[in-house]
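> sequence plus the predicted model coming up.
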Amino acid sequence: MKALVTGGAGFIGSNLVTHLCDQGHKVDVIDDFSSSGRTTIDKRANLINDSIANVGLLEELLEGKDVVFHLAATGIIELSIKNPTAYFENNLMNGIKLLDAMRKKGVKKIVYSSSSGVYGEPKRVPIKEDDVKEPVNPYGAAKYAFEHVLSSYYHSFGIESVSLRYYNVYGPGDEQNPVTRAVPKWIKAALKDESLTLYWGGKQKKDYVFVEDVVRANLLSAERGKGCSFYNVGSGLGCWMYDLAKILEEVFGKKLSIEQAGERSGDPIFLIADISRIKKELGWEPKIDLKTGLSRTIEYYRDNH
Amino acid sequence: MKVLVTGGAGFIGSNLVRYLCDQNHEVSVIDNLSFGFKDLIDKRAVFYKGTISDKGLLEKILPGTDVVFHLASLATITLSMTNPYMYFDNNFMEGIALLEAMKKTNVKKIVYSSSASSYGNLQKKFFTEEDSPQPTNPYGASKSCFEPALSAYYHSFGIDAIALRYFNVYGPSDDQADTPRAVPIWIKAALKDEPLIVYWQGKQKRDYIFVEDIARANLLAAEKGKGFRVYNVGCGNGIWMTDIVKELENLFGKKLSIKDGGERPGDSPYVVADISRIKKELGWEPKVGLKDGLQKTINYYKNRINKI
């Protein structure tokens, strides 16, 4: 396959690019390095340092492509609350520019990195794809808004799309700066013998999924996804945040100090995926369990920081 | 109440403005007159010609406003397919500009005119608000994708936001020159003794709702709506397009000639609202039956026969 990966220098994107190259696909990457935190990606991919808002360039890059993996996004919830307009421009309107360029170039398939943030505060867990979606911040709203756009581009213009709603993705290669995600934050803290910040007394249940599993879901979507579809991508298992801290202690083989940080608004207490749809329709399921995934993540930060 | 109506010179907007003035509310209107008509705006309202992306203008009008009725939008499906980006820029990003201006001027409530075209081709008899939107064209997507933004602005910034998903609205003052809507097209054709173009042999079921009922739903949403909430606004009963033709023949007292328009791609066979949520939560229900509504609409166009 010939693929274009937008945001291919980011955490998930760079992992996806490596996986695609490993599988012998020909990969172009466009990334403006605005939030990646990295400077390099897999050498087998062709990297273009620019924004997807550059329509002329996009059209050149799309020539002859079979599929676009669209991961480019600004992804920090707090910043989306500070500047909603910028988030909608980036995560929605620039995506529409991408779709129009695809339309013009006859590229007929897109795999879109959506987010469990589309659901907002879920009414029940595990969450099914058809459950009510009421995003609670501009980031989640922009992610969900683009799914509506994809629906219309499928029906009006025949562009097939798969929206993958990621839960808590973790793993090697997460260089996001500033760090907002718990796993890299905690691992970095533990490596420096600093304390781990725990919200809500750790009594939040989240769904942690390893980045390689997420990457496989992307490729399967490109190969098997049909029409316009939406899938949860998670482990399907809830993990208490204090249990996550315990597993880290186990893997580090030492007691870690925890700092209780109280409550944090806009952060759902329970966020767990029902993954039966993607299992059934794409034949995907997570392969890496939390303990294995965390040790590999720790190794990465040990070697790279 | 002190209110602002965006798109207040349009078909639904102008009906809403009149209704709000009748109820003694203090009404401002903003409309760029790209599709609306200044003459349709009730004289009791204060009119500002401009767009809602004009930050300065909005920040001048908004202070002290209790609620914004947001109707301004581009609304022609076929044009949205020729220029999708423009539709999203207008119907979504300009809406964000409005929300940002509301945030800045501390206006805490918005009633948004959404659309049943959010739903797309659901394979079911009645559409409920909990059905996941699957819009089939950029217009529908540009309307529906603003709803998640409203949800976010409620949760993140405390702006109460009520989205009303209109089904097939009809009534007086639908003066849009190239209106895509069947009722005004048919009535105008009948008045000019021209044939009525009927698609799919009329075997489509739609939910027709009179514009005055829509205006009432807007005011109730402003008065009673809380948090972020989405409501269907329709009559809750499906009617075959062939039955509308029959009702028109009844009211005109003559046989109307029909021209077969064939099968129009992208049309759904059924688009009918389940209206139990709005009945229960806002106490709204439609009051004007199809016969009365059509009669009022015919009268409107009869009085402007030289203009149609």
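Alright, I've got the coordinates.

> residue B:104: how many residues sit nearby?
Residue B:104: 13 surrounding residues under other Cβ atoms under 10 Å in any protein chain shown. Where C-beta positions appear, they are placed from N, C-alpha and C, glycine not excepted.

> an error on my part: the question was meant for residue B:34.
12.

> how about the residues of the stretch 151-300 of chain A near chain B?
Proximity of the stretch 151-300 of chain A to chain B (Cβ under 8 Å from any Cβ of the partner chain) is limited to residues A:151-153, A:155-157, A:228, A:266.

> what ranges do the helices span in the stretch 151-300 of chain B?
B:182-191, B:211-224, B:241-252, B:276-282, B:290-302 (DSSP state H, counting those that start in this stretch).

> go through these and pick out the most buried.
Ranked by mean neighbour count, the helices of the stretch 151-300 of chain B are led by helix B:211-224 with a mean of 22 (mean count of other Cβ atoms under 10 Å in any protein chain shown).

> how far away from the center of its chain is that one?
12 Å (Cα atoms, centre = their mean, to the nearest Å).

> and the contacts of that helix?
B:1, B:3, B:11-12, B:15-16, B:18-20, B:23, B:66-67, B:69, B:109, B:111, B:113, B:162, B:164, B:166, B:169-174, B:231, B:233, B:235, B:278, B:281-284, B:286-288 (Cβ atoms under 8 Å, 6 or more residues apart in numbering or on different chains).

> is it possible to mark the buried ones in those residues?
B:3, B:11-12, B:15-16, B:18-20, B:67, B:69, B:109, B:111, B:113, B:162, B:164, B:166, B:169-174, B:231, B:233, B:235, B:278, B:281-282, B:284, B:286, B:288 (16 or more other Cβ atoms under 10 Å in any protein chain shown).

> farthest pair within the residues of the stretch 151-300 of chain A next to chain B?
Spatially, the most separated pair among those is A:157 and A:266, at 35.2 Å (Cβ to Cβ).

> what's the strand or helix carrying residue A:212 packed up against?
According to DSSP states H and E, residue A:212 maps onto helix A:211-224. Packing partners of helix A:211-224 (3 or more Cβ pairs under 8 Å, 6 or more residues apart in numbering or on different chains; DSSP states H and E): helix A:11-22, strand A:67-70, strand A:109-115, strand A:160-166, strand A:168-170, strand A:228-233, helix A:276-282.

> how much does it deviate in direction from strand A:228-233?
160 degrees (axes from the mean of the first three to the mean of the last three Cα atoms, to 10 degrees).

> average pLDDT for helix A:211-224?
Helix A:211-224 carries an average pLDDT of 98.

> just the buried positions in that helix, please.
A:211-222.

> just the contacts of helix B:211-224: which are in strands?
Per DSSP state E, strands hold the following members of the contacts of helix B:211-224: B:3, B:67, B:69, B:109, B:111, B:113, B:162, B:164, B:166, B:169-170, B:231, B:233.

> max pairwise distance over these: which two?
Largest pairwise distance in the ones in strands among the contacts of helix B:211-224, by Cβ to Cβ, is 27.5 Å, between B:109 and B:170.

> the nearest residue to residue A:152 once chain neighbours are set aside: how many residues sit nearby?
Spatial nearest neighbour of residue A:152, excluding adjacent residues (Cβ to Cβ, 6 or more residues apart in numbering or on different chains): residue B:141 at 3.7 Å. For residue B:141, the neighbour count with other Cβ under 10 Å is 34.

> which SS class is residue B:141?
helix (DSSP: H, G, I helix; E, B strand; the rest coil).

> so who does it touch?
Shown in contact with residue B:141 (Cβ under 8 Å, 6+ apart): A:148-149, A:151-152, B:88, B:135.

> among these, which are located in helices?
Under the assignment DSSP state H, the contacts of residue B:141 contribute A:148-149, A:151-152, B:88 to helices.

> as a markdown table, those with distance to residue B:117 and pLDDT would be great.
Shown next, in a markdown table, are the ones in helices among the contacts of residue B:141 (distance: Cβ to Cβ, whole Å; pLDDT from 0 to 100):
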| residue | distance to residue B:117 | pLDDT |
| --- | --- | --- |
| A:148 | 11 | 98 |
| A:149 | 14 | 98 |
| A:151 | 11 | 98 |
| A:152 | 10 | 97 |
| B:88 | 14 | 98 |
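
> only whichever of these are buried, select them in PyMOL.
Entered in PyMOL, the line below selects the buried ones among the ones in helices among the contacts of residue B:141, by 16+ other Cβ under 10 Å:
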select buried, (chain A and resi 148+149+151+152) or (chain B and resi 88)
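
> so where's the stretch 101-250 of chain A uncertain?
Scanning the stretch 101-250 of chain A for pLDDT under 70 picks out no residues.

> switch to 90 and redo it
A:176-180, A:200-202 (pLDDT under 90).

> the helices in chain A, which residues?
So, for chain A - with DSSP H - the helices run A:11-22, A:55-62, A:77-82, A:84-88, A:94-105, A:138-157, A:182-191, A:211-224, A:241-252, A:276-282, A:290-304.

> any idea how far the helix holding residue A:212 is from the chain center?
12 Å.

> and what of stretch A:233-241?
Worked out by Cα atoms, centre = their mean, stretch A:233-241 lies 15 Å from the chain centre.

> tell me which residues in it are buried?
A:233-239, A:241.

> got those residues as CSV, with distance to residue A:296 columns?
Formatted as CSV, the buried residues of stretch A:233-241 follow (distance: Cβ to Cβ, whole Å):
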residue, distance to residue A:296
A:233, 19
A:234, 18
A:235, 15
A:236, 20
A:237, 18
A:238, 21
A:239, 17
A:241, 20
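
> which of these sits closest to residue B:47?
Looking across those and measuring by Cβ to Cβ, the closest to residue B:47 is residue A:233, at 50.3 Å.

> next, the contact list for the closest one, please.
So residue A:233 contacts A:164-167, A:209, A:213-214, A:217, A:273, A:275, A:278, A:284 (Cβ under 8 Å, 6+ apart).

> how about a cut-off of 7 Å?
A:164-167, A:209, A:214, A:217, A:278 (Cβ atoms under 7 Å, 6 or more residues apart in numbering or on different chains).

> of these, closest to chain B?
residue A:165 (12.3 Å; Cβ to the nearest Cβ).

> any idea how far residue A:153 is from the closest residue to that closest one other than its chain neighbours?
Excluding the flanking residues, the one nearest residue A:165 by Cβ to Cβ, 6+ apart is residue A:114, at 4.6 Å. Using Cβ to Cβ, to the nearest Å, residue A:114 is found at 15 Å from residue A:153.

> cool, and residue A:249?
Applying Cβ to Cβ to residue A:249 and residue A:153 gives a distance of 47 Å.

> also residue A:84?
23 Å.

> same thing with residue B:207?
26 Å.

> now swap in residue B:244 and tell me
32 Å.

> same question, residue B:35
Taken as Cβ to Cβ, the span from residue B:35 to residue A:153 is 25 Å.

> neighbour count winner among the two?
residue A:153 (25 against 20).

> grab the nearest non-local neighbour of the more buried one.
residue A:159 (4.6 Å).

> go on, residue A:126?
Per Cβ to Cβ, 6+ apart, closest to residue A:126 is residue A:274, 3.8 Å.

> quick one, phi/psi of the one you found?
phi -90, psi 120 (degrees, to the nearest 10).

> and it, what's its pLDDT?
98.

> over to residue A:26?
98.

> number of residues surrounding it?
By the criterion of other Cβ under 10 Å, residue A:26 has 15 neighbours.

> list the contacts for the nearest residue in space to it that is not next to it in sequence?
Sequence neighbours aside, residue A:2 is the residue nearest to residue A:26 in space, at 4.8 Å (criterion: Cβ to Cβ, 6+ apart). Shown in contact with residue A:2 (Cβ under 7 Å, 6+ apart): A:26, A:64-66.

> how confident was the prediction at residue B:266?
pLDDT for residue B:266: 69.

> what mean pLDDT does stretch B:59-75 have?
97.

> would you put the C-alpha positions of that stretch in CSV?
Taking C-alpha atoms only, stretch B:59-75 is exported to CSV below (Å, rounded to 0.1, in the frame of the first residue of the first chain):
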residue,chain,number,x,y,z
GLU,B,59,-19.6,42.4,21.1
LYS,B,60,-21.6,45.6,20.7
ILE,B,61,-25.0,43.9,20.4
LEU,B,62,-24.5,41.1,22.9
PRO,B,63,-24.0,42.7,26.3
GLY,B,64,-27.1,42.3,28.5
THR,B,65,-28.6,39.8,26.2
ASP,B,66,-30.4,36.9,27.9
VAL,B,67,-30.5,34.5,25.1
VAL,B,68,-29.3,34.1,21.5
PHE,B,69,-31.4,32.3,18.9
HIS,B,70,-28.9,31.1,16.4
LEU,B,71,-30.6,30.5,13.0
ALA,B,72,-28.0,32.0,10.6
SER,B,73,-26.8,29.4,8.2
LEU,B,74,-26.3,28.4,4.6
ALA,B,75,-28.9,25.8,3.9
